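J.: generate coordinates for the sequence data below:
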Amino acid sequence: QVQLVESGGGLVQAGGSLSLSCAASGRMFSSYSMGWFRQAPGKEREFVAVISWSGARTYYSDSVKGRFTISRDNAKNTVYLRMNSLKPEDTAVYYCAAAGRETGWSSEYDYWGQGTQVTVSS
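T.: Predicted structure coming up:
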C-alpha cells in the first residue's frame, strides 16, 4: 500500500513557475514508476509526465514538454513536478500516482493522491 499526498499548488500568473511535490508513505516507493496527471473542469484526466523507478527515464505529454520537469528523490520518498512558462490552459487539479511501469494510461496506476489545485491567471 502506498499513500500519496500532493502539495505546492496555488495561483500563479501566466509565464510564471510553480513546483509540486508528492510525498509517499508506505513500502516500496522506489519500486514504482511515478506519474503526474491533471484534470481541468469539464475535461477528462490527462497524462502530464512519468518517471521510472530509478529516475533514469522520463516521458512527457506534448503539451508540457520543454516546460515541465519531473524528478524524484527515493531517499525522501518524494516525486516533484517543476512547471515553468505556465499558461492559463495549465489550470487544473494535479494528481500524482504510482504504477508498476512507465505509462501514460491512468488505468494502469494503482495509487493516487488527492490532488492539488493549480490556477494560472492570464
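J.: closest to the centroid, which residue in this structure?
T.: Central residue of the chain (Cα atoms, centre = their mean): residue 36, 2.4 Å from the mean position.
J.: surely that one is in contact with residue 95?
T.: Yes - counting by Cβ atoms under 8 Å, residue 36 touches residue 95, with 7.1 Å between them. No exception for glycine: its C-beta is placed from N, CA and C like everyone else's.
J.: and residue 93, what are its bridge partners?
T.: In this entry, residue 93 is beta-bridged to residue 39, residue 117, by DSSP bridges.
J.: which pLDDT does the model give it?
T.: Looking at residue 93, its pLDDT is 98.
J.: what number of residues lie near it?
T.: If you count neighbours by other Cβ atoms under 10 Å, residue 93 ends up with 18.
J.: identify the residues contacting it.
T.: Residue 93 makes contact with 38-40, 115-118, according to Cβ atoms under 8 Å, 6 or more residues apart in numbering.
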